[in-house]
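Novice: Provided below for reference: sequence and predicted model.
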Amino acid sequence: MTASADTAIARDLVACHTCGLVSRWPSPPRPVRCPRCGVSLHRRIPRSVSRTWAFLAAAIMLYVPANLFPVMQVTSLGQVRADTILSGAEFLLAHGMWPLALIVFVASILVPIAKILILGYLLLSVQLRSAARPIDRTRLYRFTEFVGRWSMVDVFVVSVLVALVHLGQVAEVEAGLGALFFAAVVVLTMLAARTFDPRLIWDNVDTDVRFAAD
Amino acid sequence: MDERRRVSLVWLIPLVALLSAAWLGYRAYVGQGPLVSITFQTAEGLEAGRTRVRFKDVDIGVVEAIELTSDLSRVQVHARLASHLNDLLNDKTRFWVVRPRLSRGQVSGLETLLGGTYIGADLALEGVPQRAFDGLESPPIVTATEPGKVFTLHADALNSLAEGSPVQYRGIEVGRVVGYQLRDEQGVEIQVFVHAPHARQVGANTRFWNVSGVGLSLDAGGIRLNTESLASVLLGGIAFGTPPGMSVGEPAAERADFRLFAGQQAAMARSYGQRETWQLMFAGSVRGLLPGAPVELRGIRVGEVVDVRLQLDSSSLQTDVPVTIAIEPDRLGLGDDAGPGGGQSAASRKLWDRLVANGLRAEIKTANLLTGALYVELDFHPEGAPREIVWDAEVPRLPTVPTALDELRGLLSSLARLPLDRMGKDLGKSLEAIHQTLSSTQAVLQRLDQETIAELGRTMAQTRTTLAGLEKVLEPHSPLQAEAQRVLKELGSAARSLRIMADYLERHPEALIRGKGAVTP
């Protein structure tokens, strides 16, 4: 590695991701632990790209049943109404509750798809060693990580309704299989965002410093 | 570098995700039940994707799509049923829409007001597999799985019966009319369903009769008014039973045929085997004699009138009324020696001859003054001229005596001959005598009245004084009572002294000799 920019790698330093202590990176490289807190040290998240791809793939595969199976089943006066995410949003819109419909649509459809697409794009850009728009890409990543948790709104709504609505014949709510899959999708995208190391973006920008991504 | 060069375990996660998604997809696809198409008149209340299909209140499917048939005459409903019904859909399966309904005296389907309409199904275990059905417009009266038997009744006319009319046994509703068909020349065929435990009561000897509405009959027997339950008055009804004295017989098989009689009387009439036909010639009017009128002997029905006609003799311009009657010899207790074809055997002829020789004649009498119905009475008239049975005529003729009307005419004429004015005068005289007697009796009574009452009054006053005296005597502080009390007291003290003396004597028996007061050392 040639060192011209002032990076930790250039200086053979590594920061502990738990306690923050900066230590010297051994060379020849070998697995080391932080001298202060004992956690194993890595300069980049190990196997970030492949792990992120794994989580992302799982999330994509589970997103299909999440949308096909009903998320919530409401039994009211003998009538059973099972709704998937899309049909629920449709129902709210048809009954004039468009702010709720908007929330459901954004949180349960827009955000997960956006996250998947963004993470996919980031991964591809890193793997293809693209140097284009690193600041935008970093911003995208930060947005993804921040907004991820809001997809759980739909799952929380379902679980709160199931717990609260026990009105016998008048109304009963049951969680459907779709809620389970959707929660899994959200968790997997959150994990995918966590395992993606954004520093990899910059590794390809600064051509002087190159870190072999796996 | 700190990475290991093997495939990371993290790839298990997408693998698991893939497998579970694939398996769910496979199960959803393979686990799909059969798709049936049902046609209805209207799709009122049905909603694609939402309306359920239910059998005995168990959810067995859902409506997937609703569309119109190509000729726009009916609505085609595609429903996907549960997979375990794959082999149970056959030509006996029926579908209908359950809506709130008022029919046949029953309200049904009210639960759909809250829960939404649904399609009801009736499944049968066996039949020819089928996937396209014609939906019923109203729920079937009897479901395939209901235990019981269907019987076929034959009647001349439907007579206010309808689908759903009750079938009763001993006044209890045990079944319903399921359907009926017109059988051109032979009348109407009616199918009735009788529930299982009561189907055993339908046997070889069972008779079915119509109990619809109100039965009113005005005939030789009088006026009769018959009704069964209110339901049968409104909806029509059928009842069944066994004629008295007969057992039910072997239980009838499914779809056995029976005749539907017009009423209970007709059904229970003991039908005897043979009938002998006779003819009776009457000269007077027989207005009120109808076919079916009874022929009675000593008040017991032995046959009925079959035909009443007019015979005009063109040469002498005389009218005769030949009345054809049929007698059931069993009812006469004449045994079973009848000749061929309703005729009379030789022995039977001899018997009839002897009866007629003894004075057996046929006569028309009034059965019911109100309706003017007539009947034929066979009775013995030994005082009349000797007659004979005419065996050579087409139908053997029994000798007759003139009808009551003719007799009445005779009676009237004899009445005319009575010395009515003389009777009237006598009557007047008797009345006067009675009048006198009455007035003298009245005088006697008046006298009695005045004297006796005064006497009675005096007696009453005396009784009162006596009673008052008695009262005084019996008063609590009356002298009598005080006296009585004193006597009682004296008696009491006397008894006490006696007792003391007795005690003393017990202790000192020598006192009897020595006397009291002797001091023993």
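Specialist: Structure received.

Novice: Can you give the domain ranges for the chain?
Specialist: Picked chain A for this. Chain A resolves into domains spanning A:1-43, A:45-205 when parsed by automatic domain parsing.

Novice: that's the wrong chain, I meant chain B
Specialist: Domain ranges of chain B: B:29-134, B:148-268, B:276-414, B:479-512, per automatic domain parsing.

Novice: show me where pLDDT drops low in chain A?
Specialist: Applying pLDDT under 70 to chain A picks out residues A:1-5, A:206-214.

Novice: Looking at it, which helix is longest?
Specialist: With secondary structure taken from DSSP state H, chain A has its longest helix at helix A:48-68.

Novice: Can you spell out which helices and strands pack onto that one?
Specialist: Helices and strands touching helix A:48-68, by 3 or more CB pairs under 8 Å, 6 or more residues apart in numbering or on different chains; DSSP states H and E, are helix A:85-94, helix A:111-127, helix A:177-195, helix B:12-30. Backbone N, C-alpha and C define where each C-beta goes, glycine included.

Novice: Format these as TSV; extra columns: mean neighbour count.
Specialist: Converted to TSV, the helices and strands packed on helix A:48-68 look like this (neighbours: other CB atoms under 10 Å in any protein chain shown):
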stretch	mean neighbour count
helix A:85-94	18
helix A:111-127	19
helix A:177-195	22
helix B:12-30	14
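
Novice: before we move on, the earlier item: I'd like to know which of the domains of chain B is closest to chain A.
Specialist: Ranking the domains of chain B by distance to chain A, with CB to the nearest CB as the measure, places domain B:29-134 first at 2.9 Å.

Novice: quick check, stretch A:16-36 touching chain B?
Specialist: Yes: Stretch A:16-36 is in contact with chain B by CB under 8 Å from any CB of the partner chain, via A:29, A:31.

Novice: before we move on, the earlier item: make JSON lines out of the domains of chain B and add distance to chain A.
Specialist: JSON lines is the format used below for the domains of chain B (distance: least, CB to the nearest CB, whole Å):
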{"stretch": "domain B:29-134", "distance to chain A": "3"}
{"stretch": "domain B:148-268", "distance to chain A": "27"}
{"stretch": "domain B:276-414", "distance to chain A": "59"}
{"stretch": "domain B:479-512", "distance to chain A": "86"}
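
Novice: Please produce CSV containing these, extended by mean pLDDT.
Specialist: Below are those laid out as CSV (pLDDT from 0 to 100):
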stretch, mean pLDDT
domain B:29-134, 86
domain B:148-268, 82
domain B:276-414, 79
domain B:479-512, 86
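
Novice: gap between the host helix or strand of B:I453 and the chain center?
Specialist: B:I453 is part of helix B:420-474, with elements assigned from DSSP states H and E. Computed by CA atoms, centre = their mean, to the nearest Å, the chain-centroid distance of helix B:420-474 equals 59 Å.

Novice: What count of nearby residues applies to B:E394?
Specialist: Other residues lying near B:E394 total 9 when counted by other CB atoms under 10 Å in any protein chain shown.

Novice: how about it, what does it touch?
Specialist: Contact analysis of B:E394 by CB atoms under 8 Å, 6 or more residues apart in numbering or on different chains lists B:Q279.

Novice: Let me see the ranges of the helices in chain B.
Specialist: Using DSSP H, helices in chain B cover B:12-30, B:112-115, B:196-199, B:230-235, B:264-268, B:346-357, B:404-417, B:420-474, B:479-507, B:511-514.

Novice: got CSV for those helices, with distance to A:L119 too?
Specialist: Shown next, in CSV, are the helices of chain B (distance: least, CB to CB, whole Å):
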stretch, distance to A:L119
helix B:12-30, 14
helix B:112-115, 46
helix B:196-199, 69
helix B:230-235, 74
helix B:264-268, 89
helix B:346-357, 115
helix B:404-417, 118
helix B:420-474, 127
helix B:479-507, 129
helix B:511-514, 145
